[in-house]
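1. Pasted the sequence and its predicted model underneath.
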Amino acid sequence: MTNNDIFKKLRVALMLRDDQIVEILELVDFRITKSELGAFFRDEKHENYMECGDQVLRNFLNGLVIHLRGTKENPKNPNDVLAKHKAQIPVKEGASERAEFKAKPKDEDRARGDQKPGKSPAAKKPFKKQNSKGTPKIQVVEKVKYNFGKNKKS
């Protein structure tokens, strides 16, 4: 996995915009413009694509720690920071909720590797052997009392 892939996944996972990433990098005194940052997120075949170096990724991760946790003098709750990021994402027109945060419905037709398609384990009824009422239940093994390694005291 390249630095660019890591950088892209972090950006998506944390719901960060370009201007927020620039601010995070400025927390560790690393200056970068939005256009330079945009070059990291381009397609590899694009003429303005640029590989994200180790220094940029290292400074971004160090800045991200400060952004989410705060400093010793001014600590933050990371969940509050992430909730603020989520609230800043605009809602698309015609959608009551943001689509990227909806739980996907389960596909019942898609099967697991150890099951047949279309059959769920809940649908199967366990096989129960039924005795006829006329025959008594035969005990195969006699009852044994186990001492679990303890000696009997007489």
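-> That came in fine, so what should we check first? Numbers count the residues shown, from 1 in each chain.

2. Report how many residues lie close to residue 17.
-> Look at residue 17: counted by other C-beta atoms under 10 Å, it has 13 neighbours. Quick note: C-beta positions are derived from backbone N, CA and C, even for glycine.

3. repeat for the one 10 residues further on
-> Residue 27 is flanked by 16 other residues according to other C-beta under 10 Å.

4. I'd like to know how far the nearest residue to it once chain neighbours are set aside sits from residue 140.
-> Among residues not flanking residue 27 along the chain, residue 63 sits closest, at 4.3 Å (C-beta to C-beta, 6 or more residues apart in numbering). Using C-beta to C-beta, to the nearest Å, we find residue 63 at a distance of 70 Å from residue 140.

5. Please apply the same query to residue 86.
-> When residue 86 is compared with residue 140 (using C-beta to C-beta), they lie 62 Å apart.

6. before we move on, the earlier item: which one's more surrounded, residue 63 and residue 140?
-> residue 63 (20 against 5).

7. got the phi/psi numbers for residue 75?
-> Backbone torsions for residue 75, taken as degrees, to the nearest 10, come to phi -70, psi 150.

8. what does the one 3 residues further on give?
-> Summarising the backbone geometry of residue 78 under the convention degrees, to the nearest 10, its torsions are phi -60, psi -30.

9. residues in contact with the closest residue to it other than its chain neighbours?
-> Using C-beta to C-beta, 6+ apart and skipping the chain neighbours, the partner closest in space to residue 78 is residue 68 (4.2 Å). Counting by C-beta atoms under 8 Å, 6 or more residues apart in numbering, residue 68 makes contact with 76, 78, 81, 82.

10. The chain: helices as residue ranges?
-> Counting by DSSP state H, the chain has these helices, from start to end: 3-13, 18-26, 34-40, 54-69, 78-88.
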